[in-house]
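**Student:** Build me a structure from this.
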Amino acid sequence: AACGVLAGSDPGSQKGQVVTEEEWLQKWETGKIGFHKEQGHPLLQKYLDVLLNGRSGLRIFFPLCGKAVEMKWLADMGHSVVGVDVSEQALKEFFAEHGLPYCEEPVPGISGGKMLQSTSGNISLYCCSIYELS
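**Tutor:** Numbers count the residues shown, from 1 in each chain. Below is the predicted model of the structure:
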């Protein structure tokens, strides 16, 4: 059975539609990533102070992260970011677009799983299904 995610982030006809892993990868390959917010998600910007609540050094998890620009913002604020996405292309684009050097290593216990980690160590992005990540 194919794992899927709900595409409920955008209003309209796609709300509640299940997207298979294959369809998700195809969206990245063909550049059909209208869900990606180049300027960051407005709700996260609006509620960032509420989320952080004056705290520093948080470990923040981004499920289905894609190449979310907020991961870089939060890392620059001194937080540790952990993301997961099935699209290796998305993860590599994240590092390339921010000019961040990274290293890549296999994830023990996850067949074909990889972790891409910034050389600064504060951004760790896992390339695998979210259902395989412990």
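
**Student:** what residue lies at the spatial centre of this structure?
**Tutor:** Cys65 (1.4 Å; Cα atoms, centre = their mean).

**Student:** check contacts around that one.
**Tutor:** Residues in contact with Cys65 (Cβ atoms under 8 Å, 6 or more residues apart in numbering) are 71, 83-85, 90-91, 94, 125. For the C-beta atoms, the positions are set from N, CA and C on the backbone; glycine is no exception.

**Student:** Save those as CSV, and put in pLDDT and distance to Arg59 too.
**Tutor:** Formatted as CSV, the contacts of Cys65 follow (pLDDT from 0 to 100; distance: Cβ to Cβ, whole Å):
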residue, pLDDT, distance to Arg59
Met71, 95, 12
Gly83, 97, 12
Val84, 96, 14
Asp85, 94, 18
Ala90, 93, 21
Leu91, 96, 18
Phe94, 96, 18
Leu125, 98, 14
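
**Student:** Looking at the residues you listed, spot the one nearest Gly31.
**Tutor:** Using Cβ to Cβ, Ala90 comes nearest to Gly31 of the contacts of Cys65, at 11.2 Å.

**Student:** surely the closest one meets Lys67?
**Tutor:** Yes: applying Cβ atoms under 8 Å as the test, Ala90 and Lys67 come out as touching, 4.9 Å apart.
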